[in-house]
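Student: When you get a sec, could you give me coordinates for this:
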Amino acid sequence: MALVAIGVCIFCAEMRAQTTTTVTTTRGAFTQFVPDSETVVLRSDTSTAPARYVVTKTTTVVDETGAPVAIQNISPGVPLSVDYTPTGDRLVASRIVVHRAGAVGTAVTSGPVTTEQRDTTTTTTRPLTHEEKQALKEQKEDQKERMEKEIERKKEALEKAKDKLEDEDHH
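Tutor: Numbering: from 1, shown residues only. Model (predicted):
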């Protein structure tokens, strides 16, 4: 019975979807913050159009030591690193690091933007699709069947051991 209880507990666990998100870091010179659109604009020599990053309530803005910085207090030309994720046609900033002048390169205000990418795994809760629900149901049924077979095998082993003990007691 303990094995059945363990099996039931396994099935009670909340399902979470695993997604891999690519977070890109771009470096460049701060141009402006547009409060109405909650957008940070970065300038580079590599593109004629400035790069625009959406700032959300979850975006953190810090200096190199990790201390919070008010985005409105950043001066034009200050070097920044922006961690962002493409979401639709927008680049959503998750973290902005304000660097000391000269920290991003020798030409702070006109240096090229450098970009690096890294993959992160995010666990999110979302409704399961019909196919996912069906696959989960089949997986649970298979696991239940395996557990029932294991329980039956152990019951048989216990019965054999019990019979053997009883035979030894009668002799």
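Student: can you give me the strands for the protein?
Tutor: Residue ranges of the strands in the chain, as given by DSSP state E, are 17-34, 39-43, 51-63, 79-87, 90-98, 115-124.
Student: Redo those as JSON lines? Include distance to A70, mean pLDDT and mean neighbour count.
Tutor: Heads up, the C-betas are built off the backbone N, CA and C, glycines and all. Formatted as JSON lines, the strands of the chain follow (distance: least, Cβ to Cβ, whole Å; pLDDT from 0 to 100; neighbours: other Cβ atoms under 10 Å):
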{"stretch": "strand 17-34", "distance to A70": "10", "mean pLDDT": "79", "mean neighbour count": "16"}
{"stretch": "strand 39-43", "distance to A70": "13", "mean pLDDT": "90", "mean neighbour count": "21"}
{"stretch": "strand 51-63", "distance to A70": "7", "mean pLDDT": "92", "mean neighbour count": "15"}
{"stretch": "strand 79-87", "distance to A70": "14", "mean pLDDT": "89", "mean neighbour count": "19"}
{"stretch": "strand 90-98", "distance to A70": "10", "mean pLDDT": "92", "mean neighbour count": "19"}
{"stretch": "strand 115-124", "distance to A70": "26", "mean pLDDT": "54", "mean neighbour count": "10"}
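Student: Looking at those, spot the one closest to A135.
Tutor: Of all the strands of the chain, the one in closest proximity to A135, counting by Cβ to Cβ, is strand 17-34 (12.5 Å).
Student: Please name whichever of the strands of the chain is nearest to E138.
Tutor: strand 17-34 (17.7 Å).
Student: can I see the domain layout of this structure?
Tutor: As assigned by automatic domain parsing, the chain contains the domains 22-123, 127-170.
Student: quick revisit: can you put the strands of the chain in TSV and add distance to E138?
Tutor: TSV is the format used below for those (distance: least, Cβ to Cβ, whole Å):
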stretch	distance to E138
strand 17-34	18
strand 39-43	47
strand 51-63	37
strand 79-87	33
strand 90-98	36
strand 115-124	23
